[in-house]
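quick one, structure for this:
(chains A, B, C and D)
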Protein chains: 2
Amino acid sequence: MAQSRHETPASILIIDDHPLLRRGVAQLLELEDDLELVGDTGEPAEGVRLAGELDPDMILLDLNMPGMDGIQTLKALREADFAGRIVMFTVSDHEEDLVAALRGGADGYLLKDMEPEEMVRQLRQAALGRMVVSESLTALLAEALRNQRTAPATPDIHSLTQREREILRELAAGLSNKLIARKLDITEGTVKVHVKHLLKKLNLRSRVEAAVWAVQEGIDR
Amino acid sequence: MAQSRHETPASILIIDDHPLLRRGVAQLLELEDDLELVGDTGEPAEGVRLAGELDPDMILLDLNMPGMDGIQTLKALREADFAGRIVMFTVSDHEEDLVAALRGGADGYLLKDMEPEEMVRQLRQAALGRMVVSESLTALLAEALRNQRTAPATPDIHSLTQREREILRELAAGLSNKLIARKLDITEGTVKVHVKHLLKKLNLRSRVEAAVWAVQEGIDR
DNA sequence: CGCCAATAACCCCTAAAGAGGTACCTCGCA
DNA sequence: TGCGAGGTACCTCTTTAGGGGTTATTGGCG
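The predicted model follows:
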């Protein structure tokens, strides 16, 4: 199976709390002369340290680990200025995890139940700089993309006018447009206009999202 | 104006950070032999202490004070097992304040701009154990009552079924019923049923309230 | 002076939400 | 064995929400 490449093999570090799985990957990679396992650990913190020390071309990172989880580790690696490829390696087929990983700067997201040959193929692609995602997740990926806001992940309260903030506060208190109108002594239609504008500015898709955002930002009260 | 009563006068403590206003009340009460000012302070904390020391029949409590505000002071007094009457004394005609005060265990809510005679009349009523609220606030009071949930102020997550919690989580993430249905692989109608049930159990009136509640309770994630 | 942002109001129209009801199936428990 | 709770699905009907547009007024601001 080993396809020879001209250059030096891609160095790989694996961070995964399952020893057996680490060994499995090690054996798999031994068969490939263009992929070389240079380190492995079950400790996220140790993994971050090793990343700095070994500076591998690629890190295979488990998403589900005790203590610091994969996403945190991912962030820690990026904050430690690790510039190589980071491929998440997990059993989770949840959209949230996928999205969190990619948003967190992962270059790939592979499921652990994939076939070894497929695994090698994907790792090779990743080493070449391509973003890889398990095929069975393409639907999820599409879904995530569709659900995604196109703009700033951090909308800004300051982009709202005084009135819009006022409307948002009431909205987050659970009031309907009609009740907001009554309270602020304007018509329901006007409230709707403000809500519409505020949703557009914050790039949210419903009053529920607006309410949740407002609460989390502490806009209420 | 002083109307003689048979028994001992009602002892009153005033907690208000405006010295002038305290003096004004003092003078007013001096004219009445059934109402007796036994202490006054501009410091909320000092007020709580005095309440324990003097054990007055009634406390006139300013709602807007620097540091510990009126509502906090109110709670502190009740927690210190002050069992007498507590009448809030304020310039605020906001429904939120009124509601917070009454919910917090206040026995009255009087506006500072009222006429002295009216003031005395109301205090006398309060001393007799009646709940008093400035007349100009009756409309607000009615509104607050109407907006009020009839049941537990603290709905319980545990009253929900597993499925309902699941639905709530998604709804708090901002998903529409249709999207929740798609995600959980059930029909939109079924999602609606769950939402309906969960709203009833939590005694909430809209998905927005449910979402806000869920977020505040940390149900999400 | 004209222009723009903010506010308010109204139009039309579709989609989403919520209340009420019935029905069916499965499980566990008395 | 029956009964209730939970889950699913479907029905009807009303209200609410949200997108699109136009219009008008007010207050700065160049």
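
write out the residues of chain A neighbouring DNA strand D.
With the criterion set to CB under 7 Å from any atom of the strand, chain A comes near DNA strand D through A:176-178, A:192-193, A:195-196, A:199-200, A:205-208. All C-beta atoms are positioned from the backbone trio N, CA, C, and that covers glycine.

most neighbours, which of these?
With neighbours defined as other CB atoms under 10 Å in any protein chain shown, the most crowded of these is A:Arg207; it has 25 neighbours.

list the contacts for it?
A:Leu171, A:Val195, A:Leu199, B:Val208 (CB atoms under 8 Å, 6 or more residues apart in numbering or on different chains).

check contacts around A:Leu111.
A:Thr90, A:Val91, A:Asp93, A:Ser134, A:Ser136, A:Leu137.

identify the residues contacting the first one.
Read it as A:Thr90. The neighbours of A:Thr90, taking CB under 8 Å, 6+ apart as the test, are A:Asp62, A:Leu63, A:Asn64, A:Gly70, A:Asp97, A:Tyr109, A:Leu110, A:Leu111, A:Lys112.

just name the closest of the residues you listed to A:His18, please.
A:His18 has its nearest neighbour among the contacts of A:Thr90 in A:Asp62, at 7.4 Å by CB to CB.

excluding chain neighbours, what is closest to the closest one?
A:Asp16 (3.8 Å; CB to CB, 6 or more residues apart in numbering or on different chains).

quickly find the element holding A:Leu37.
Secondary structure from DSSP states H and E places A:Leu37 in strand A:35-41.

ok, now A:Arg165?
A:Arg165 belongs to helix A:162-172, assigned by DSSP H and E.

and that helix, is it in reach of chain B?
Yes: Helix A:162-172 is in contact with chain B by CB under 8 Å from any CB of the partner chain, via A:Leu171, A:Ala172.

show me what that helix packs onto, helices and strands only.
helix A:177-184, helix A:188-202, helix A:207-217, helix B:207-217 (3 or more CB pairs under 8 Å, 6 or more residues apart in numbering or on different chains; DSSP states H and E).

average pLDDT across stretch A:135-154?
Stretch A:135-154 carries an average pLDDT of 52.

specify the residue positioned farthest from the middle of chain A.
Distance from the C-alpha centroid of chain A, by CA atoms, centre = their mean, peaks at A:Asp185 (43.6 Å).

do you know how far it is from A:Leu179?
Remark: distance between A:Asp185 and A:Leu179 (CB to CB, to the nearest Å) = 12 Å.

and A:Val195, by the same measure?
Here A:Val195 is placed at a distance of 13 Å from A:Leu179 (CB to CB).

cool, and A:Asp107?
A:Asp107 sits at a distance of 49 Å from A:Leu179 (criterion: CB to CB).

the two: which has the busier surroundings?
A:Asp107 (20 against 16).

residues touching that one, list them.
Counting by CB under 8 Å, 6+ apart, A:Asp107 makes contact with A:Arg85, A:Ile86, A:Val87, A:Ala126, A:Met131, A:Val132.

could you export stretch A:164-172 as PDB, CA atoms only?
Coordinates of the C-alpha atoms in stretch A:164-172 are reproduced here as PDB (Å, rounded to 0.1, in the frame of the first residue of the first chain):
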ATOM      1  CA  GLU A 164     -34.000  49.300  18.700                       C
ATOM      2  CA  ARG A 165     -32.200  48.500  22.000                       C
ATOM      3  CA  GLU A 166     -35.300  49.400  23.800                       C
ATOM      4  CA  ILE A 167     -37.400  47.100  21.600                       C
ATOM      5  CA  LEU A 168     -34.800  44.300  22.000                       C
ATOM      6  CA  ARG A 169     -35.000  44.600  25.800                       C
ATOM      7  CA  GLU A 170     -38.800  44.100  25.800                       C
ATOM      8  CA  LEU A 171     -38.500  41.400  23.200                       C
ATOM      9  CA  ALA A 172     -36.100  39.500  25.400                       C
END
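
quick check, it touching DNA strand C?
Yes: counting by CB under 7 Å from any atom of the strand, DNA strand C has neighbours in stretch A:164-172: A:Glu164.

model confidence over that stretch, on average?
Stretch A:164-172 carries an average pLDDT of 89.

any idea how far that stretch is from the chain center?
30 Å (CA atoms, centre = their mean, to the nearest Å).

domain map for chain A?
Per automatic domain parsing, the domain ranges recorded for chain A read A:10-147, A:157-217.

what's the least confident stretch among those?
domain A:10-147 (a mean of 81).

could you pull up phi and psi at A:Leu61?
Dihedral angles of A:Leu61 (phi, psi; degrees, to the nearest 10) stand at phi -120, psi 120.

who's in contact with it?
Counting by CB under 8 Å, 6+ apart, A:Leu61 makes contact with A:14-16, A:47, A:70, A:73-74, A:77, A:86-89, A:106.

those residues: which ones sit near DNA strand C?
Answer for the contacts of A:Leu61 near DNA strand C: none qualify (CB under 7 Å from any atom of the strand).

now, these that are in strands?
A:Ile14, A:Ile15, A:Ile86, A:Val87, A:Met88, A:Phe89 (DSSP state E).

what's the angle between the helix holding A:Arg165 and helix B:207-217?
Put simply, helix A:162-172 runs at 80 degrees to helix B:207-217, going by axes from the mean of the first three to the mean of the last three CA atoms, to 10 degrees.

give me the angle between helix A:162-172 and helix A:188-202.
Here helix A:162-172 points in a direction 100 degrees away from that of helix A:188-202 (the same axes, to 10 degrees).

what comes up buried for helix A:162-172?
A:Glu164, A:Ile167, A:Leu168, A:Arg169, A:Glu170, A:Leu171, A:Ala172 (16 or more other CB atoms under 10 Å in any protein chain shown).
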